[in-house]
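Novice: Next come a sequence and a model predicted from it.
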Amino acid sequence: MASKVIHALYTDDDLLLQAVRQVREARYSIGQIYTPFPVHGLDKAMGLAPTRLAITAFLYGIIGLSVAAAMMNFIMIEDWPMDIGGKPSFSFIQNMPSFVPIMFELTVFFAAHLMVFTFFMRSKLWPFKKAENPDSRTTDDHFLMEVVVGSHDAEELTGFLFNTGASEIKLIDKK
Amino acid sequence: MYTLSSKLKLFSIILMVVGLLGLVYGFFAVPSTIEDVRELVAHDGHGEVVEMPLTGQTEDELEDDARGFDYVPSEHKVETDRTDEEVHKMAEDAELVHLEHILHQLQNKPWAALYVAAFFFFMIALGVLAFYAVQFAAQAGWSPVLFRVMEGITAYLLPGGVIMFILLALSSFHFNHLFIWMDPEVVAHDEIIQNKQSYLNVPFFLIRALIYIGGWVLFRHLLTRNSRKQDEATGITWYKKNFKLAAGFLVFFIVTESMMSWDWIMSLDPHWFSTLFGWYVFSSMFVSGITVIALVTIYLKSRNYLPFVNDSHIHDLAKFMFGISIFWTYLWFSQFLLIWYSNIPEEVTYYVARIEDYGLVFFGMVVLNFLFPLLLLMNSDFKRVNWFVVMTGIIILLGHYLDIFVMVMPATVGESWFIGIPELSSLAFFGGLFIFVVFSALTKAPLLAKGNPFIKESEHYHY
């Protein structure tokens, strides 16, 4: 079933934000927005649920911290205790300060990398994926809003979008 | 315009009076002779009587003593020069030396308590001034609505600085023995201090203190004056002047603050040094200062005085509290790790004293200053909840008081420390004075710096 959408292009991020608010107020539904850079406050204006990425980052950080602690405990205390600088490695707690830099680094490492992977998976991105943006100008200086036509009158919607300041409006049949 | 409510005024005056009474008691309760100390030690709750080993006795002989065996000099031994009587006299001398040591520590205690609290509140005002100057130098757009609060807090710089100078001068003229390098008898037997005398001598020490305090107070005066003149001015001449002044101040500040931390705190342990000490003290004063800005702002907001301050401003202050707390931990750990790991005797004694005699306070303050702000302020939404910021702020301030406490106390009172009447009273006294001075200063100017060119941006600031 083909669904009709309208692609409205804007040339300014403030104009786009304003248009998003107007479109939502008029109870049209926005499918997707393509921007060349992250527009501050766009997620709130679109009414998207707040991101849960921060929570996953915290959990990944804790995992990294635990991995580092377990790793250092195995390497330096259990498997091969060494006497470095007059500090024999027979107890984890007494040698802990020298493990802190490693624990810190692995916390950051796990949080950062796993967060990026989570982000890719959640937004369905992977290597060699075909680009989805409908208009290549959205990678340069244009902002594109996709509005679902649905049961609305296309003419009326076009007029409305024109009044919100769109510089270009296209009716698209989406397969 | 803000008017100081009579309740707050009364509260601060009561704090000062109670603190003053406690301080007077603290100074009177100090033992003045060795006999007093002997009694104190004997009656003390944790007073296991210190067994002074007789000099010349070996460990085995001590064990024999404990089992009730008598010490019988061997007939085969060659007579030593020391008779039993002499040995006993030496032991008594050693005990006297020990008691005298405790006496000096106890005599230092109220002074040290006073010094820690005086420095703590002075450092808050100084940290706020540095933050204020950073706002100007960075041409920050979010913060001008908070400028009058910052200016109010820095008003404590003058009285606090004068008090600090008086305390330093009293130490210099031997009213107390906080700084052992000021004692000529100690220096006479101490080659390390002798080598440092070209820097660590009383006249130069006091001149430096005058330069630091005078410089800071002058910069504060000029910055505040220009900020107030800008209110009524057309154009932004006064703002531009403040921009240049603030940049100049920051250069002056980072040098003098570093030297101040060597002079006023690090020289308490004149043998020990750490090259990042200035930064370490700076991070402490910076985070305490930002915390106090947040607390005063939230207090004024709750009294409906700052309608133009919104949650985004509090959010930003809380971000700074969070970030600088972690910065502090980074410096604390950098200093600790290297000294702990290299384990060089003349360096590591600093931490040995702290871990052995101050274990709970020393590590407890790291929990208060790192773990609490980290976990409490990590969530973005919590940074906008005012009562949450207040709770965390109180923990941070408590932690940084203890931080200064473990910087000063081990060198001045050693193992005879206790957070008792002198410590709490001096906190109350300076806390009361701080509240009184700061909130009186807030009444002097409108709470909105309306002439600042960024004031519109700041009012509309939204995160």
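Specialist: Sure thing, it's come through.

Novice: so where's chain A shaky on pLDDT?
Specialist: For chain A, residues meeting the criterion pLDDT under 70 lie at A:1-2, A:175.

Novice: ok, the residue in it that chain B sits nearest to - contacts?
Specialist: Using CB to the nearest CB, A:P97 is the residue of chain A that sits closest to chain B, at 5.5 Å. Using the backbone N, CA and C atoms, a C-beta is placed for each residue, glycine as well. Going by CB atoms under 8 Å, 6 or more residues apart in numbering or on different chains, A:P97 touches B:F333, B:F336, B:L337, B:W340, B:Y341.

Novice: Mind doing that once more with 7 Å?
Specialist: Listed by CB atoms under 7 Å, 6 or more residues apart in numbering or on different chains, the contact set of A:P97 reads B:F336, B:L337, B:W340.

Novice: Is it inside a helix or a strand, and which specific one?
Specialist: Here A:P97 sits within helix A:92-122, counting by DSSP states H and E.

Novice: Restricted to buried residues, select the contacts of A:P97 in PyMOL.
Specialist: Burial among the contacts of A:P97 is assessed by 16 or more other CB atoms under 10 Å in any protein chain shown; the matching PyMOL selection reads:
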select buried, chain B and resi 336+340
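
Novice: how about the contacts of A:P97 in a markdown table, adding distance to chain A and secondary structure?
Specialist: A markdown table is the format used below for the contacts of A:P97 (distance: CB to the nearest CB, whole Å; DSSP: H, G, I helix; E, B strand; the rest coil):
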| residue | distance to chain A | secondary structure |
| --- | --- | --- |
| B:F336 | 7 | helix |
| B:L337 | 5 | helix |
| B:W340 | 6 | helix |
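
Novice: can you list the residues of chain A near chain B?
Specialist: Residues of chain A lying close to chain B by CB under 7 Å from any CB of the partner chain are A:G85, A:G86, A:P97, A:S98, A:V100.

Novice: What's the separation between B:E95 and chain A?
Specialist: 34 Å (CB to the nearest CB, to the nearest Å).

Novice: residues near that residue, how many?
Specialist: When neighbours are defined as other CB atoms under 10 Å in any protein chain shown, B:E95 has 15 of them.

Novice: What average pLDDT does the host helix or strand of it get?
Specialist: In this structure, B:E95 is located in helix B:84-137 according to DSSP H and E. In this model, helix B:84-137 has an average pLDDT of 89.

Novice: So what's the gap between the following helix or strand past it and the chain middle?
Specialist: Later in the chain than helix B:84-137, the nearest helix or strand by DSSP H and E is helix B:147-154. Mean-position distance between helix B:147-154 and its chain equals 21 Å (CA atoms, centre = their mean, to the nearest Å).

Novice: packing partners for helix B:147-154?
Specialist: helix B:84-137, helix B:202-232, helix B:277-302, helix B:421-442 (3 or more CB pairs under 7 Å, 6 or more residues apart in numbering or on different chains; DSSP states H and E).

Novice: how about a cut-off of 6 Å?
Specialist: helix B:84-137, helix B:277-302, helix B:421-442 (3 or more CB pairs under 6 Å, 6 or more residues apart in numbering or on different chains; DSSP states H and E).

Novice: among those helices, which is nearest B:Y401?
Specialist: helix B:84-137 (5.3 Å; CB to CB).

Novice: just checking, what packs against the closest one?
Specialist: Helix B:84-137 packs on helix B:34-43, helix B:147-154, helix B:157-172, helix B:237-264, helix B:277-302, helix B:386-412, helix B:421-442, going by 3+ CB pairs under 6 Å, 6+ apart.

Novice: highest average neighbour count across these?
Specialist: Mean neighbour count, computed with mean count of other CB atoms under 10 Å in any protein chain shown, is highest for helix B:147-154 among the helices and strands packed on helix B:84-137, reaching a mean of 26.

Novice: Other residues contacting that helix?
Specialist: Here helix B:147-154 makes contact (CB atoms under 6 Å, 6 or more residues apart in numbering or on different chains) with B:125, B:128-129, B:132, B:220, B:224, B:292-293, B:296-297, B:438, B:441-442, B:445, B:447, B:449.

Novice: Excluding chain neighbours, what is closest to the residue nearest in space to the middle of chain A?
Specialist: The residue lying closest to the centre of chain A (CA atoms, centre = their mean) is A:F119, at 5.5 Å. Spatial nearest neighbour of A:F119, chain neighbours left out: A:L53 (6.4 Å); criterion: CB to CB, 6 or more residues apart in numbering or on different chains.
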